[in-house]
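[1] return atomic coordinates for the entry below.
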Amino acid sequence: MNDIDSDSLAEDEAWCAHQRGVAVEYLAQQPATFGEVGEWPAWHLAPYVSVWAVESVIAPGSVGWWVICGDLPTDYASGLDTPSPRAAVATFASRWAKLAASMVRGDPQADCSIGTLADAVELAPLLKARSQVLEKWAEDDSVWSG
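    Predicted coordinates:
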């Protein structure tokens, strides 16, 4: 392996370690109870996005939750009907698209929020753009191969 590959691998590992810390800190602030966050992302495209499997408290050894973080909002979703990181990315894309549309209309969302209603004009287009990128990634087989 040459120095560029070693440097790239070290940067990837450092970025992933940082994102795991972001995920752990975020989950600690949420009202749900979570198990352990995986040591390595279930899927990632550094330096843009990482998806982490979070162990179920009810069924240890299985995925109870997914958390997403990176150059986008940090969020979590149930693993109950979300069997894979790819399905989780699609779930976040759909959720964020709906939230962005609600923000544009000025409708508050009880189950999910990003920023405040006062921030909606600025944040809604950013959230919509992130949801569109996630949707494209979820649909792109090449992103998930190998």
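[2] so residue 90 is in which element?
    The secondary structure element spanning residue 90 is helix 85-105 (assigned by DSSP states H and E).
[3] against which helices or strands is that helix packed?
    strand 43-45, strand 49-55, strand 63-70, strand 72-78, helix 120-139 (3 or more CB pairs under 8 Å, 6 or more residues apart in numbering; DSSP states H and E). C-betas here are computed from N, CA, C, even on glycine.
[4] I'd like the mean pLDDT over that helix, please.
    Averaging pLDDT along helix 85-105 gives 91.
[5] angle of it against strand 72-78?
    Taking axes from the mean of the first three to the mean of the last three CA atoms, to 10 degrees, one finds helix 85-105 and strand 72-78 inclined to each other by 120 degrees.
[6] where in this structure is pLDDT low?
    In the prediction, the chain carries residues with pLDDT under 70 at positions 1-6, 108-119, 146.
[7] pick out the residue nearest the middle of it.
    In the chain, the C-alpha closest to the average C-alpha coordinate belongs to residue 68, at a distance of 1.5 Å (CA atoms, centre = their mean).
[8] please name the bridge partners of that residue.
    Here residue 68 sits in beta bridges with residue 51, residue 75, going by DSSP bridges.
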